[in-house]
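Asks: show me the folded form of this:
(one chain, ligands or ions: 3)
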Amino acid sequence: MTRFILNNELVETGLPSGYVLLDFIRKNKGLTGTKEGCREGDCGACTVLVGEYHNTEIKYINVNSCLMPIGSVNGKHVVTIEGLNTNKLNPVQEAFVYEGGTQCGFCTSGFIVSLMGYIITNINYKFEDAIEYISGNICRCTGYEGIKRAIWRALNEISKLKINSLRNYEEYRIELVKYEIIPDYFLTIKEKLKQLNSIKQEDLKIDRNYLVGGGTDLYVQKLEELVDKNVIIISNDESYREIFLSGKEIYIGGGCTVSMIESSEIIDGYYPELKDFLKLFGSKQIRNKATVAGNIVNASPIGDLTNMLIALGAKIILSSGREKRTLSLKDFYKGYKNLDKAPDELIESIIIQIPEGKYLFNFEKVSRRIYLDIASVNSSFFANVENGYLSNVRISAGGVAPIPLYLKKTSKLLENVHLNSELILEAANTAQREISPITDARGSAEYKSLLLRQLILAHFQKFYSELVKPEIIFQWEV
Ligand SMILES: Cc1cc2nc3c(=O)[nH]c(=O)nc-3n(C[C@H](O)[C@H](O)[C@H](O)COP(=O)(O)OP(=O)(O)OC[C@H]3O[C@@H](n4cnc5c(N)ncnc54)[C@H](O)[C@@H]3O)c2cc1C
Ligand code: FES
Ligand code: FES
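Replies: Ligands and ions are numbered 1, 2, ... in the order given. Sure thing, here's the model as predicted:
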């Protein structure tokens, strides 16, 4: 049985946990304000908010309901566009009307839901952060200027109420209700979720062949297989969603989402650049669901997080329930989608070392669009650096081999040598010899090989001032 609150209604359903949330909302509940567009996480028309009670607060995230198994909202609050209605237009809806932020309206509910998610979860508003919330919402007819003006107007109007200096979300949401920005039932949700989470779950007859993290790969690839199965949803299990420090290592639970990594103070404390690199991963909606283990096990040669983790020298802990083993992430891939993993093993956590001394870490990704696009080729670089000498060099490359690739020879070439321009060019040449790209929709083999060369050079260009002595003249011709 899956139990959750849909807007202001308690829902109990015996549908298989793999059934798609979007279908439940539209077909079973007739709430057709949530639109069905691409069904692949690309358009955001199906966006809903999911609120989870955690540490005395309810935290809302915006997600693509087309990629969500209904079981993943068990014990949570799902808010559709209908659930945001008050007796009048809220400031976001009003601003969209006033600034011409909508034409055919197909995308509009997705935009409004994402932006209301931003307002509900952020006491201090920043225009750029609000824009980030709609990074997964596409509009095909209005153009984005009207939408951006509408965001300015809405944030401005709400700021005039001076409610964004409040101490906590509870007080803040009371004010949002007072000004009819959100409906009053929001204030009852905390108690309802507490009660819901105290109900003991019946034992489900689970199909062990289907393990879902966030579903952002599986529901694109295997939708038909999943909808009538009682899938295991690993991201429902709190114990797989922790990030903590132990000695000199950071442990990231396999069920942690990309958004959790972006907002982790521990990770930010040691690798502050990571959160900027992760902005290039999907959209806000995708990052709110996509898990680390899902990215690793999906084994796409262009997986962004996997690419970064290989350069960070990550290890993974695999658990079969009875036994655990640890192995280096770079050794996990045996061939195209062929993993060093038994069927009953799951990734419990990912371990990265905290950096010692000065280090350089960079990620480069080339895709046709900057945001919400997968890479043609990507590459990450990590090294410790002292007086122009590199050590612990680890370079990864994606999209140029059947697996997420660790560039073993290129990394070795740069180890403990004094850098000069010849060596950097030699590294780019060596990288090109280590790969085996194929021609596909993302480019020809030759193009991808040249791209990787440029990305290797781009790593050094980024670190130019830190690494390169004035006498070194770069001759970066391809
Ligand atoms: C619109 C869109 C944009 C995207 N953009 C990007 C992008 O920019 N960069 C990128 O790298 N990817 C991108 N992706 C791909 C996807 O979001 C990522 O690969 C994501 O990390 C997958 O995680 P998930 O939890 O959703 O995986 P799921 O789909 O839930 O699972 C994927 C695989 O991992 C397995 N699995 C999940 N958790 C575990 C575990 N703990 N142990 C063992 N096996 C497990 C599942 O059984 C399944 O085989 C995008 C996807 C979409 C739909
Ligand atoms: S329908 Fe397009 S993202 Fe869900
Ligand atoms: S208003 Fe038509 S797609 Fe956005």
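Asks: torsion angles phi and psi at Gln285?
Replies: Dihedral pair for Gln285: phi -60, psi -40, per degrees, to the nearest 10.
Asks: got a list of what the residue nearest to it when sequence neighbours are not counted touches?
Replies: Of all residues not flanking Gln285 in the chain, Gly136 sits nearest, at 3.8 Å (Cβ to Cβ, 6 or more residues apart in numbering). The way it works is simple: take the backbone N, C-alpha and C, and place the C-beta from them, glycine included. Applying Cβ atoms under 8 Å, 6 or more residues apart in numbering, we find Gly136 in contact with 41-42, 44, 47, 62, 64, 114, 282-286, 372.
Asks: from Leu6, how far out is Glu12?
Replies: Glu12 sits 11 Å away from Leu6 when distances are taken as Cβ to Cβ, to the nearest Å.
Asks: just want to know which of these two has more residues nearby.
Replies: Leu6 (23 against 10; other Cβ atoms under 10 Å).
Asks: so the more buried one versus ligand 2, what's the distance?
Replies: 17 Å (Cβ to the nearest ligand atom, to the nearest Å).
Asks: ok, now Asp268?
Replies: Relative to ligand 2, Asp268 is positioned 29 Å away (Cβ to the nearest ligand atom).
Asks: which phi and psi does that residue have?
Replies: Dihedral pair for Asp268: phi -60, psi -30, per degrees, to the nearest 10.
Asks: who's in contact with it?
Replies: Taking Cβ under 8 Å, 6+ apart, we find Asp268 in contact with 274-275.
Asks: where along the stretch 101-250 of the chain do the strands fall?
Replies: 211-212, 232-233, 243-246, 249-253 (DSSP state E, counting those that start in this stretch).
Asks: can you tell which of these is closest to ligand 3?
Replies: Proximity to ligand 3 (Cβ to the nearest ligand atom) singles out strand 211-212 among the strands of the stretch 101-250 of the chain, at 29.8 Å.
Asks: where's the closest one relative to the chain centroid, distance-wise?
Replies: Offset of strand 211-212 from its chain centre (Cα atoms, centre = their mean, to the nearest Å): 17 Å.
Asks: what about ligand 2: which of the contacts of Gly136 touch it?
Replies: Restricting the contacts of Gly136 to those near ligand 2 by Cβ under 6 Å from any ligand atom leaves 41-42, 44, 64.
Asks: how about the residues of this protein by ligand 2?
Replies: Taking Cβ under 6 Å from any ligand atom as the measure of proximity, the chain contacts ligand 2 at 36-39, 41-46, 64, 66.
Asks: tell me which of those fall in strands.
Replies: Applying DSSP state E to the residues of the chain next to ligand 2, the entries found in strands are Asn64.
Asks: pull out the buried members of the residues of the chain next to ligand 2.
Replies: Buried members of the residues of the chain next to ligand 2, scored by 16 or more other Cβ atoms under 10 Å, are 36-37, 39, 41-46, 64, 66.
Asks: in this structure, which residue is most central in space?
Replies: Arg287 (1.9 Å; Cα atoms, centre = their mean).
Asks: the closest residue to that residue other than its chain neighbours: what's it in contact with?
Replies: Counting by Cβ to Cβ, 6+ apart, the nearest residue to Arg287 once its immediate chain neighbours are dropped is Val258, at 4.0 Å. Val258 makes contact with 278, 281-282, 286-288, 290-292, 295, 305, according to Cβ under 8 Å, 6+ apart.
Asks: now, which of these lie close to ligand 1?
Replies: Checking the contacts of Val258 against ligand 1 (Cβ under 6 Å from any ligand atom), the matches are 281-282, 286, 290-291, 295, 305.
Asks: any chance of those in JSON lines, plus distance to Val73, pLDDT and neighbour count?
Replies: JSON lines is the format used below for these (distance: Cβ to Cβ, whole Å; pLDDT from 0 to 100; neighbours: other Cβ atoms under 10 Å):
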{"residue": "Phe281", "distance to Val73": "23", "pLDDT": "96", "neighbour count": "24"}
{"residue": "Gly282", "distance to Val73": "20", "pLDDT": "96", "neighbour count": "24"}
{"residue": "Ile286", "distance to Val73": "17", "pLDDT": "97", "neighbour count": "23"}
{"residue": "Ala290", "distance to Val73": "17", "pLDDT": "98", "neighbour count": "27"}
{"residue": "Thr291", "distance to Val73": "16", "pLDDT": "98", "neighbour count": "30"}
{"residue": "Asn295", "distance to Val73": "22", "pLDDT": "98", "neighbour count": "25"}
{"residue": "Leu305", "distance to Val73": "24", "pLDDT": "98", "neighbour count": "26"}
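Asks: columns secondary structure and distance to Tyr118 on top of those, output as JSON lines?
Replies: JSON lines is the format used below for the ones next to ligand 1 among the contacts of Val258 (DSSP: H, G, I helix; E, B strand; the rest coil; distance: Cβ to Cβ, whole Å):
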{"residue": "Phe281", "secondary structure": "coil", "distance to Tyr118": "19"}
{"residue": "Gly282", "secondary structure": "coil", "distance to Tyr118": "17"}
{"residue": "Ile286", "secondary structure": "helix", "distance to Tyr118": "16"}
{"residue": "Ala290", "secondary structure": "coil", "distance to Tyr118": "19"}
{"residue": "Thr291", "secondary structure": "strand", "distance to Tyr118": "22"}
{"residue": "Asn295", "secondary structure": "helix", "distance to Tyr118": "25"}
{"residue": "Leu305", "secondary structure": "helix", "distance to Tyr118": "24"}
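Asks: from the stretch 101-250 of the chain, which residue is nearest to ligand 1?
Replies: Among all residues of the stretch 101-250 of the chain, Gly213 sits closest to ligand 1, at 2.6 Å; criterion: Cβ to the nearest ligand atom.
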